[in-house]
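Enquirer: Turn this into a model:
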Amino acid sequence: MSTPRPAEHPSAARPPCDPAAATTEIRPIVICEECGRKYRVLPSKIRGSAAVFTCRDCGHRIVVAKTRGLAQVETRPWPAPPPAAAEELADVPLPPDAAPDRRLGLLAVFGWVMAAAIAVAAGFFQVRSQELLEELEGLGRAAAHELARQRIEMRVAAAADALQRQLSAHPDLDRRELAGRPELRAIVAPEAGAAAWALLYGPSDSDGVWRIWLHSDPGLTGADLRALAVQVGPDFPEVFALLTGAAGGAPASGRYRVPAADGRWEHQAVACRPVVGTGYALAAAGPVEGLAGPVVRLQREAADLIREMGVSAAGLLAGTAAALALTAVLGTLRPARPVQGGGRRR
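Expert: All right, here's what the predicted structure looks like:
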């Protein structure tokens, strides 16, 4: 049994052939078993039962056998010899854009582009979520402060009216006797309600010092108004100016900060107004969170929700971008191809 004579490579010069026969003859497809490149062959060029040629891409030796007529061919493993020699085979490779390597390259480019786009979207979403969170927190604080101010003003106004009626009924009542009147004490503490402190104060007749005449703490009766500095904290100068200004006849309100146990600052709403016709003024202060609890809770829940959504969405987009980047990297890697039959040929 003889081995097949190697056919000249399809790129070499071919012997003339009948144009009519070349245009009508069916050309079956032969696929390289090593790299998958496809060739079209002319069965009429196979002289005998088989022929052999070298793959242009990987150098693999391809044995082509003719079966069941001129229009049918099949490949056989190399180096098992066919029964007879063959002439050159006419091949027509598939267009380059259909090759596997090109498809992998396009997939890699698409993966990198999509990964970059999604990474940018993740960053934008995270930044926008943070901006929305800061805006929501600012609006929530402003709404809570305004609600707390309105509530403390309403309570102080109601308590001042009640005190005005009681004091008008006892015009000769000494200032130091105010703390001993349960009906007056009941007006200051409960009516001012939910307060960090509440007091009735005014300037002393003898020395002109601003003194506390009625307080939720009886021990402060007759004390200098500056004794509140311990309760108020570092913002007491502003609060003191607010209290003494209201005694002149105009209601006033504001807020101040006190240090909390966890190191944060807590805001207190304060309001004061004169008790008409008595020479006294009434003031009360309470925590913003206690006076505007529903608004504060709503703002915190909304902020937590936005924060969780931002982190989850950014994580999902970042994971998708990483997966696409990995796909792009894998698309750029080409598997090694074995070289057989005398090495790789171009």
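Enquirer: Can you name the element that comes right after the longest helix seen in the chain?
Expert: The longest helix of the chain (DSSP state H) is helix 100-169. Once helix 100-169 ends, the next helix or strand along the chain (criterion: DSSP states H and E) is helix 182-186.
Enquirer: Now do that following helix: distance to the chain's middle.
Expert: Relative to its chain's centre, helix 182-186 lies at 55 Å (C-alpha atoms, centre = their mean, to the nearest Å).
Enquirer: Can you dump the C-alpha atoms of that helix in PDB for me?
Expert: Provided in PDB are the C-alpha atoms of helix 182-186 (Å, rounded to 0.1, in the frame of the first residue of the first chain):
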ATOM      1  CA  PRO A 182     -48.900  74.500  93.200                       C
ATOM      2  CA  GLU A 183     -51.300  76.000  90.600                       C
ATOM      3  CA  LEU A 184     -48.500  78.100  89.200                       C
ATOM      4  CA  ARG A 185     -46.000  75.300  89.200                       C
ATOM      5  CA  ALA A 186     -48.400  73.100  87.400                       C
END
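Enquirer: what packs against the longest helix of the chain?
Expert: helix 182-186, helix 192, strand 252-259, strand 265-275, strand 280-287, helix 288-291, helix 293-332 (3 or more C-beta pairs under 8 Å, 6 or more residues apart in numbering; DSSP states H and E). Quick note: C-beta positions are derived from backbone N, CA and C, even for glycine.
Enquirer: pLDDT of that helix, averaged?
Expert: Averaging pLDDT along helix 100-169 gives 83.
Enquirer: for stretch 308-324, same thing?
Expert: Mean predicted confidence for stretch 308-324 is 79.
Enquirer: buried stuff in that stretch?
Expert: For stretch 308-324, a neighbour-count test (16 or more other C-beta atoms under 10 Å) marks 310, 314, 317-318, 320-321, 324 as buried.
Enquirer: any idea of the angle the longest helix of the chain forms with strand 265-275?
Expert: For helix 100-169 against strand 265-275, the angle by axes from the mean of the first three to the mean of the last three C-alpha atoms, to 10 degrees is 30 degrees.
Enquirer: between helix 100-169 and strand 252-259, what angle do the directions make?
Expert: Going by the same axes, to 10 degrees, helix 100-169 makes 120 degrees with strand 252-259.
Enquirer: Could you check how many residues crowd around residue 271?
Expert: Other residues near residue 271 number 29, with proximity taken as other C-beta atoms under 10 Å.
Enquirer: circling back to that earlier point, mind checking which of the helices and strands packed on helix 100-169 is nearest residue 139?
Expert: helix 293-332 (7.9 Å; C-beta to C-beta).
Enquirer: If you count contacts, what does the closest one end up packed against?
Expert: helix 100-169.
Enquirer: swap the cut-off to 10 Å and go again
Expert: helix 100-169, helix 288-291 (3 or more C-beta pairs under 10 Å, 6 or more residues apart in numbering; DSSP states H and E).
Enquirer: Figure out how far the longest one is from the centre of its chain.
Expert: A distance of 13 Å separates the C-alpha centroid of helix 100-169 from that of its chain, computed with C-alpha atoms, centre = their mean.
Enquirer: and if you look at stretch 31-39?
Expert: For stretch 31-39, the distance to the chain centre is 48 Å (C-alpha atoms, centre = their mean).
Enquirer: so how far does it reach from one end to the other?
Expert: The straight-line separation of the ends of stretch 31-39 (C-alpha to C-alpha, to the nearest Å) is 6 Å.
Enquirer: Also stretch 162-175?
Expert: End-to-end for stretch 162-175, by C-alpha to C-alpha: 17 Å.
Enquirer: Can you report how many residues neighbour residue 254?
Expert: Neighbour tally, residue 254, other C-beta under 10 Å: 17.
Enquirer: With the one 10 residues further on instead?
Expert: One way to gauge burial is a neighbour count; for residue 264, by other C-beta under 10 Å, it gives 8.
Enquirer: what's the closest non-adjacent residue to residue 133?
Expert: Spatial nearest neighbour of residue 133, chain neighbours left out: residue 306 (5.0 Å); criterion: C-beta to C-beta, 6 or more residues apart in numbering.
Enquirer: For that neighbour, grab the count of nearby residues.
Expert: 17.
Enquirer: quick one on the thing from earlier: identify the farthest-apart pair in the buried residues of stretch 308-324.
Expert: Longest span within the buried residues of stretch 308-324, C-beta to C-beta: 310 and 324, 21.4 Å.
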